[in-house]
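>>> From the sequence below, what's the structure:
(one chain, ligands or ions: 1)
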Amino acid sequence: MDAVVVYESLWGNTAAIARAIAAGLGPQTPVLTTDEATPDRLAHARLLVAGAPVHAMGLPSDTTRASATAKVYGAHPGLHADVSHPAMRAWLDTLPPAERLCAAFETGIRGPLGRGAARAIVARLTALGHEAIDEPQTFTVALVTGSSEPAALLLGGQEQKARAWGAHLAAASQARLPAP
Ligand SMILES: Cc1cc2nc3c(=O)[nH]c(=O)nc-3n(C[C@H](O)[C@H](O)[C@H](O)COP(=O)(O)O)c2cc1C
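Residues are numbered from 1 along each chain as shown. Model prediction:
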């Protein structure tokens, strides 16, 4: 299965989940930030898995990313939000239409009370011609921000859950689109 995982991540937790999903999808599955995921890197992908953190019950916006780099989180020495890659929301706005399979995930503290990030990603991808092959998935982080270690906030078992979901997506994709 030619799959690609694309993510936005400010502190590395969504990135760690993206890597675990890719490991479950299969060896050599590319894991790309939104700035690495150029149209040519996606050209041969038959499955796109995209993920982002939940911010304010939805996809991160310029406003939430700015607040993430500013006050509360900035108070912790060594803890810097990485906003060097574009927001998933902006990346989706530049994505050309494509007929490929897709799935989406998010990281958050307690899951969305609003639409969430993953549902917004799926809505945008299906509007562009993608076909969702599974329900959006949420991976949980702790409400503690005093660490700059990647994945430090993930609750126990989340990376294992992500890897298992990646394997499930690989099987579901093969069933839907047998290899040429
Ligand atoms: C500005 C801001 C708003 C947030 N809003 C929510 C929210 O509405 N619901 C939630 O569960 N988590 C919320 N969070 C927590 C993020 O989901 C958490 O920081 C993220 O999963 C960490 O992933 P990352 O390390 O990949 O950036 C918010 C975080 C920030 C910085």
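
>>> contacts and neighbour counts: CA atoms only from here.
OK.

>>> For this protein, name the helix or strand with the lowest mean pLDDT.
Within the chain, confidence by mean pLDDT, DSSP states H and E is lowest for helix 62-69 among all helices and strands, at a mean of 88.

>>> Can you list the neighbours in contact with that helix?
55, 56, 74, 80, 81, 83, 87 (CA atoms under 8 Å, 6 or more residues apart in numbering).

>>> Now the first one. Nearest residue, chain neighbours left out?
In other words, residue 55. residue 64 (6.5 Å; CA to CA, 6 or more residues apart in numbering).

>>> Show me which residues of the protein are close to the ligand?
Counting by CA under 6 Å from any ligand atom, the chain comes close to the ligand at 9-15, 53-57, 64, 67-68, 107-112, 141.

>>> Drop anything exposed from those residues.
Neighbour counting with 16 or more other CA atoms under 10 Å marks 9-15, 53-57, 68, 107-109, 111-112, 141 as buried within those.

>>> Just those: which are in strands?
Per DSSP state E, strands hold the following members of those: 53, 107, 108.

>>> Now do the helix or strand following the least confident helix or strand of the chain: which elements does it pack against?
Using DSSP states H and E, the helix or strand that follows helix 62-69 in sequence is helix 88-94. The contact analysis (3 or more CA pairs under 8 Å, 6 or more residues apart in numbering; DSSP states H and E) places helix 88-94 against helix 117-127.

>>> quick one: contacts of the helix or strand that comes right after the helix it packs on?
Downstream of helix 117-127, the next assigned helix or strand under DSSP H and E is strand 131-132. Strand 131-132 has contacts (CA under 8 Å, 6+ apart) with 99, 100, 101, 102, 103, 122, 125, 126.

>>> Now neighbour count and distance to residue 91 too, for those residues, in CSV please.
Supplementary listing: the contacts of strand 131-132 in CSV, determined by neighbours: other CA atoms under 10 Å; distance: CA to CA, whole Å:
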residue, neighbour count, distance to residue 91
99, 13, 18
100, 19, 17
101, 23, 18
102, 26, 15
103, 26, 16
122, 24, 13
125, 27, 11
126, 18, 15
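
>>> Show me which of those residues is closest to residue 158.
Ranked by distance to residue 158 (CA to CA), the contacts of strand 131-132 are led by residue 103 at 17.2 Å.
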